[in-house]
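In: just need the structure, nothing else, for what follows:
(chains A, B, C and D, ligands or ions: 4)
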Amino acid sequence: MSALQLSHDELVNVYRTMRMIRRFEERVMQEMGTGDIPGNTHLYAGQEASAVGVCLQLRDDDYISSTHRGHGHSIAKGVDIDSMMAELFGRASGTCGGKGGSQHIADLRKGMLGANGIVAAGAPITCGAALSAKLLGTGQVAVAFAGDGAMNEGVMSESFNLAKIWMLPIIFVIEDNGFGEATANAHVSAGSFTRRAESYDIPTIEVDGTDVFSVYAAAGEAVERARAGGGPTMLHVHVPRYYGHYSGDPDTYRTPEEKAAMRRERDCLGNFRKRVKDVSLVETAELDAVDEEVEAAIDRAVSAARAAPFPPMSALTTDVYVKYL
Amino acid sequence: MSALQLSHDELVNVYRTMRMIRRFEERVMQEMGTGDIPGNTHLYAGQEASAVGVCLQLRDDDYISSTHRGHGHSIAKGVDIDSMMAELFGRASGTCGGKGGSQHIADLRKGMLGANGIVAAGAPITCGAALSAKLLGTGQVAVAFAGDGAMNEGVMSESFNLAKIWMLPIIFVIEDNGFGEATANAHVSAGSFTRRAESYDIPTIEVDGTDVFSVYAAAGEAVERARAGGGPTMLHVHVPRYYGHYSGDPDTYRTPEEKAAMRRERDCLGNFRKRVKDVSLVETAELDAVDEEVEAAIDRAVSAARAAPFPPMSALTTDVYVKYL
Amino acid sequence: MAQKSFRQALNEALHFEMGRDPRVIMMGEDLTGGAGANGVKDAWGGPFGVTRGLLDAFGPERIRDTPISEAAFIGAAAGAALTGLRPIAEIMFVDFAGVCLDQIMNQAAKFRYMFGGRAKTPLVVRATYGAGSRSGSQHTQALYPIFTHIPGLKVVIPSTPYDAKGLLLQAIRDDDPVIFLEHKMLYDTVGEVPDGAYTIPFGEARVARDGKDVLIVAIGRMVQVAEEAARKLAAEGISACIIDPRTTSPLDEDTLLEFTETIGRVVIVDEANPRCGVAADISALLADKCFDALKAPIKLVTAPHSPVPYAPNLEDAYIPSADAVVKAATSIIKR
Amino acid sequence: MAQKSFRQALNEALHFEMGRDPRVIMMGEDLTGGAGANGVKDAWGGPFGVTRGLLDAFGPERIRDTPISEAAFIGAAAGAALTGLRPIAEIMFVDFAGVCLDQIMNQAAKFRYMFGGRAKTPLVVRATYGAGSRSGSQHTQALYPIFTHIPGLKVVIPSTPYDAKGLLLQAIRDDDPVIFLEHKMLYDTVGEVPDGAYTIPFGEARVARDGKDVLIVAIGRMVQVAEEAARKLAAEGISACIIDPRTTSPLDEDTLLEFTETIGRVVIVDEANPRCGVAADISALLADKCFDALKAPIKLVTAPHSPVPYAPNLEDAYIPSADAVVKAATSIIKR
Ligand SMILES: Cc1ncc(C[n+]2csc(CCOP(=O)(O)OP(=O)(O)O)c2C)c(N)n1
Ligand SMILES: Cc1ncc(C[n+]2csc(CCOP(=O)(O)OP(=O)(O)O)c2C)c(N)n1
Ligand SMILES: [Mg+2]
Ligand SMILES: [Mg+2]
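Out: Ligands and ions are numbered 1, 2, ... in the order given. Presented below is the predicted three-dimensional model:
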């Protein structure tokens, strides 16, 4: 679909969110270097158009579930970046009070059912959310994001089957960045992902995930089908992964040329700027202003996170149950 | 393929094995009534042509794995019926010394890797056997039998993928009797089983499982491919299930008419007799003699099983490990 | 009060709560039996007849016969619990938890904690457990030690029809994920069960029998075995007290400690395998907290460290017997 | 003897045994890293660098980078073990056992028993475990109580580089399925490791430190914590003995009982969750068998009954500390 179908403000918002994700991730990578963000994290940089294009089709109360690489989906679904940054720093003001960390950011008020440290585990959970929507008659839809590697976990296939026979209002978005950790997808995946979903009679759409407009259009079709009671759709979205698998990955299994070409040729932000410029819909200066705005917001998030207290020691054993004894 | 491609003796053998399975199961059902066979069991009656047609293509040292409905596969692969009957009676002379029971009959000397109480669990195990064959360069192939219900377990899909990317000498034989326990397959399975396998670039053949010659031909193609290094094949074999899901199942979810029609129209033994008679390959009298021979063999197996001792009490805690302390 | 079977007690709880709360739904394999077939509907009423009549009463949207995909439907149940429903999911035999443990252990059990307390997961996973049915090693395990080990889960193991109903109602109303375990060999046992609804709080042990010489702690079906042992002991002039914890997580430590303090001699009977089992768990607790009150070592009567065998003579020997309990009790009384 | 890291010790064992026995193969996710990609081959040497160099030495047929399908490849490893190979399969984080427990618990562990002793399953499942890496609730669990509970499995938890090598060689040569657990925070620890091959038998505890006032039993990484505690106790004039069981199944009961008899005071330190844990398991054993020798209650120092939190201050508090061990030891010495 053409960029023209989005209003000027929508376009600016799309850009802002993509830019926000990109810079959030770049900043997280930089802050990892300070040692102040504990552990490791999986960065979504390069894949922004997928999360943003899909979530732009969603209502506030629609559900999404994410993966270990969850920051982009969270931001696109509207989770507050201050709370996310604080969560990464392990602070009490984090989205999960500092108890979850990068791989478990969840915000049910935004319909965000959680990043997930277990590959493919979000798929059946999202079927459950879709079932809730269906049985409660709310008209909500649910989106399960997953990677190419996740396609080889059995529960993914089980979820396709369940979603189809129960005609759930769900969209499976397979973000194919060509790698599961350091292993190339071609080395471990037989056949075709779209044919896998189609073998359950689930309609599929293959999309260029560096073009937010294509993603938006495909997601629109899927969401419309889901809301109309037409059951599941699977989107196979091709995306680049800018960093290594995780923040500590030297990524030597890809050649420097290959990585340079990826960043040069497969950049959703550059694509977007070019596309809107071609049709003179948004001024370059306006996007530059967004860049600055984003920068400031991220600065604020980092400063606030650094200033926030760690969780109280009592938090260690609370929230295991609603009520135990 | 035509019945004519099998020699007279081979034809008699095919009939004998199918008949043996049928009568073994009918006798087990009858003996369950005496209360002397403990627990419950899943009977293979009706599905004989699948096990026999496939196993006829196998070498003695080829591998098979089976399911909870395992008697037919075991007999077809050459496991001794005396030991099997004794196992069902829980006796020390059983295939597993009485410790396994119906759902765990295994005989590695015959390449039989075990019935399995966990739906679909045999599939990856059989991939492992195929991997052994491949790495040890023995030329063996491995067959994983599974039901239609098993097709919805995720590990089935995982096994398809693994088998294909590793180009394992394996054949998946999906015996579709239309039911998983009391649930009709159509109620729980989306899409198509052959397309599911094909989505992993695994070639498939759909076969009438009441015609042993069709099964034999399809298995021949699959085994040839596997031995030649051509990787996995999936056979989708349509079979009738004569009894309820297990020996205690009143099977009221199928109508009496439907069950009568099934036995009338979908009988691999009747089919066989008709086919060989049409081409005058085996005399009816000869087959009748086989019937008597089978009857006597089963009588002997039951008598021997009844006469055999239960395992010694010491067997309770042996064989947990090769060596523990 | 009416005499009812364990099966019927459970069935009543399900009927009652589904009628009361439209958010309660059920899913599992052959929950009804006959789905999609041409003959009788609800032909099985569930693999063990526990869910009979629910399809008729509540329809196929709320009573969902699933594909054989435990990971998918347990996960779906967890996701539905997270988003406003109160699902009851059935794993036909608890042994099959091996194919869906991730959704129980890493997902449902941990949502609330990982999400900083900003979620709840009112999920009940029902499953049958236990030996005695001649079903071989993969359909007979107890496995509750595994669930008891996992923080975030509650583990309920009723031993009587009365408790089965009250504990199941509590499980469905509970806001945390609950593993509800039903011993196959208890379904036909009969006891008094009120017609109406009632709940039994978790973490409150039941004193199944009063006594002063020895305390027998028994889990699930083993309460029956303990009762038989107590009768035999009584014949020898030994008075045994029996405590049934009813839930292993939470565990009613107070009651266990109180009775241990008073009686000073303890036998724990547990059908699960012994290593890292519930018997050892309770023993460690009592041996620590009641050190001075203990007059003799705590004795554990459990299954051996082996899978469950098929042959009837072996399976019978596998299951803890009343005689073994008597022997253990006598050994510490004579001491 | 050369000083080597825990990681290198494991790597040497793998190199040695794969060189010696052509039936040994390995499979797992990113066992090498970079499979199918255009850049450096064996780029990772495994997610934690343990399998580095094996691809070069033994080639892709024997060192197999797998799809993300633990159930399939653990099952395949079990099937390969049943049919003549000696596979080593890697679960990157033991937490992922949730998606493949069936193949471990119901298949590999039970083949031999169910088949009446007519099969063997020489399978090693390697996995990392443990807290301390700021990885959140799903990448930090210990879970060895679950494996210890399951008959048919052996469970190995090395605490030093020396033991890591000798126990891994034993695991590969062992004819039974072995769960081999490597604590992520131990990989960089250094100790003396001989260049050649040697095995350490299962079921033989190591006396990590001699002492007479209190016995500290410590599992895996907790041996370090116990050692720190022992140093602190020594400063207070208390002499602590440390025993590292090295394998929880089989468990070296004899050594544990012998030292308990002599010392009479016991603290057990275990990183796993407490309910139905290894600490409780050992405590129940000692409290029963050494009842008369015990001068004080056995104290357990474990993680709390909660998932592992992400925030560093909370995660540090989650892990049993030397101070907690000192406190527990002091409490029973003062008694
Ligand atoms: C069940 C399970 N197995 C393995 C892992 C380790 N792991 C984390 S991310 C990852 C790769 C996932 O690849 P993909 O699905 O393509 O997502 P991407 O990282 O490319 O976004 C793996 C193997 C895990 N977290 N869970
Ligand atoms: C993992 C698992 N889930 C459920 C069951 C219970 N169960 C035993 S057989 C069966 C039906 C299997 O159907 P199918 O694969 O079609 O085989 P069939 O019985 O028709 O031969 C079920 C659900 C099981 N044994 N294992
Ligand atoms: Mg990927
Ligand atoms: Mg079937």
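
In: phi, psi for C:Cys290 please.
Out: Phi and psi for C:Cys290, reported as degrees, to the nearest 10, are phi -120, psi 30.

In: go on, A:Met234?
Out: With angles defined as degrees, to the nearest 10, A:Met234 sits at phi -120, psi 130.

In: what of the one 3 residues further on?
Out: Listed backbone geometry of A:Val237 is phi -110, psi 120, with angles given as degrees, to the nearest 10.

In: what's near enough to touch A:Pro38?
Out: A:89-90, A:101, D:134, D:310-312 (CB atoms under 8 Å, 6 or more residues apart in numbering or on different chains). Using the backbone N, CA and C atoms, a C-beta is placed for each residue, glycine as well.

In: and the closest residue to ligand 1 within the stretch 201-335 of chain C, helix, strand or coil?
Out: Nearest to ligand 1, among the residues of the stretch 201-335 of chain C, is C:Cys276, at 23.8 Å (CB to the nearest ligand atom). Using DSSP: H, G, I helix; E, B strand; the rest coil, the structure places C:Cys276 in coil.

In: thought it was touching D:Arg275?
Out: No - contact criterion CB atoms under 8 Å: C:Cys276 and D:Arg275 do not qualify, at 9.4 Å.

In: between the two, which one's more packed in?
Out: Taking neighbours as other CB atoms under 10 Å in any protein chain shown, C:Cys276 and D:Arg275 compare with C:Cys276 leading, 32 against 25.

In: stretch C:302-313: which residues count as buried?
Out: C:302-313 (16 or more other CB atoms under 10 Å in any protein chain shown).

In: now that stretch: mean pLDDT?
Out: Per-residue pLDDT values across stretch C:302-313 average out to 98.

In: I'd like the distance from it to the chain centre, please.
Out: Here the centre of stretch C:302-313 is set off from its chain's centre by 20 Å, with CA atoms, centre = their mean, to the nearest Å.

In: ok, is that stretch in contact with chain D or not?
Out: Yes - residues of stretch C:302-313 contacting chain D under CB under 8 Å from any CB of the partner chain: C:304-307, C:309.

In: swap in stretch C:230-249?
Out: Yes - judged by CB under 8 Å from any CB, stretch C:230-249 comes into contact with chain D at C:248-249.

In: how long is that stretch from one end to the other?
Out: Distance across stretch C:230-249, first residue to last, is 26 Å (CA to CA, to the nearest Å).

In: find the nearest non-adjacent residue to the closest residue to ligand 4 within chain C, please.
Out: Relative to ligand 4, the nearest point of chain C is C:Ile68 (9.5 Å; CB to the ion). With CB to CB, 6 or more residues apart in numbering or on different chains as the criterion, C:Ile68 has its nearest non-adjacent residue at 4.6 Å, and that residue is B:Gly149.

In: now the strands for the stretch 1-150 of chain C?
Out: C:2-5, C:24-28, C:63-65, C:86-93, C:124-129 (DSSP state E, counting those that start in this stretch).

In: now for those strands, which one comes closest to chain D?
Out: The minimum distance between chain D and those falls on strand C:86-93, with 10.3 Å, by CB to the nearest CB.

In: please pull up the helix or strand immediately following the closest one.
Out: helix C:101 (DSSP states H and E).
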